[in-house]
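# this one's structure only:
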């Protein structure tokens, strides 16, 4: 709808400019002012609409009542969390006997955790137990999504793994997809872990807004930040990033920029995996999981015992 409004606006502006150009020279300036005034008002109205609808454009939650999938044949435990502000949050725990890894799964901006159960199964096939959680307002979680609320949900999920499952940094993988990359990166730069694994990450919401609305000063209009690029400049742990080369939602170059932003992108234990001809909504394909499996199998054991704490050398 916004792109349609812009096309109509430009067509209308072009018509008025042509009409003004046909006026006598002394009348042209006044005619152009009259022609461009409504165009400027419509442009301002679109900017205001984006400001007020920011959260609706960014978050697309589905509650349990709206859509819920119940996986068959997977052992699942319901997990209830409480975030720092008292919001009640829901998660699913997919245990694996004698698991080599434990994955904290931060999902994307649409749907809810139940729509990712097939990806949790793929993680289990790599020998990992999985905790996936919903942000405020998603699935069975209460509240409304926000930058602070989603990051608080990630911390609550991390704390549950640490306190309930006795997970240590030696086997904890932080995994994020799309919007969830912001939560995984926030944890990776503040909490102990083994490795950071991202699928289709973005540099910041400002960069995303500017790529979607290049004809607006969108970068300066958004209030939500999720400044992943700035945070990754301090990240020094093992890193895996996969990004579809045909991604039309989160530009492929944003994933590459994030990878290049870390202090030692070419260091041992780091991998950038371009997924050929895959778009954003193709999801986590078998080739992505195969590459993750190789990334994990190539890990020297010393990386877990000598991994520096975030912000320290």
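Nice, thanks for sending it over. It should be emphasised that the depicted structure is a prediction, and the values quoted were computed from it without experimental measurement.

# pLDDT weak spots in the stretch 1-150 of the chain?
Applying pLDDT under 70 to the stretch 1-150 of the chain flags the ranges 1-10, 12-13, 16-17, 20-21, 23, 25-26, 28, 31-32, 35.

# how about the helices in it?
2-21, 25-52, 54-58, 117-125, 147-164 (DSSP state H, counting those that start in this stretch).

# Equivalent analysis for the stretch 151-300 of the chain, please.
180-188, 205-212, 218-221, 228-232, 252-261, 286-297.

# The fifth one - contacts with which helices or strands?
Meaning helix 252-261. helix 205-212, helix 228-232, strand 239-244, strand 270-275 (3 or more Cβ pairs under 8 Å, 6 or more residues apart in numbering; DSSP states H and E). The C-beta positions use only the backbone N, C-alpha and C, and glycine is treated the same way.

# try 10 Å
For helix 252-261, the packing partners by 3 or more Cβ pairs under 10 Å, 6 or more residues apart in numbering; DSSP states H and E come out as helix 180-188, strand 195-199, helix 205-212, helix 228-232, strand 239-244, strand 270-275.

# per-residue confidence at the most centrally placed residue in the chain?
Residue closest to the mean C-alpha point of the chain, counted by Cα atoms, centre = their mean, is residue 179 at 1.5 Å. Predicted confidence (pLDDT) at residue 179: the value is 98.

# wait, doesn't it sit right on residue 135?
Yes - with contact defined as Cβ atoms under 10 Å, residue 179 counts as touching residue 135 (8.5 Å).

# coming back round to it: rebuild the helices of the stretch 1-150 of the chain as TSV, extending it with distance to residue 72 and mean neighbour count.
Converted to TSV, the helices of the stretch 1-150 of the chain look like this (distance: least, Cβ to Cβ, whole Å; neighbours: other Cβ atoms under 10 Å):
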stretch	distance to residue 72	mean neighbour count
helix 2-21	41	13
helix 25-52	42	13
helix 54-58	32	14
helix 117-125	9	18
helix 147-164	25	19
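
# Residue 277 is nearest to which of those helices?
Among the helices of the stretch 1-150 of the chain, the nearest to residue 277 by Cβ to Cβ is helix 117-125 (20.1 Å).

# List of residues touching the closest one?
With contacts defined as Cβ atoms under 10 Å, 6 or more residues apart in numbering, helix 117-125 is touched by 69-76, 92-96, 99, 101-103, 105, 107, 113, 116, 128-132, 173, 175, 177, 197, 199, 283-286, 288-290, 292-293.

# chain center to that helix: distance?
19 Å (Cα atoms, centre = their mean, to the nearest Å).

# and the angle from that helix to strand 195-199?
150 degrees (axes from the mean of the first three to the mean of the last three Cα atoms, to 10 degrees).

# what's the angle from helix 117-125 to helix 286-297?
Using the same axes, to 10 degrees, helix 117-125 lies at 30 degrees relative to helix 286-297.

# any shared contact partners between residue 179 and residue 135?
Contacts common to residue 179 and residue 135, judged by Cβ under 10 Å, 6+ apart, are 59, 106, 107, 109, 145, 150.

# From the structure, what's the count of residues near the third one?
Residues near residue 107, counting by other Cβ atoms under 10 Å, number 24.

# now swap in the fourth one and tell me
When neighbours are counted by other Cβ under 10 Å, residue 109 registers 18.

# wait, isn't it in contact with residue 147?
No - in this structure, residue 109 is not within contact of residue 147 by Cβ under 10 Å, at 11.8 Å.
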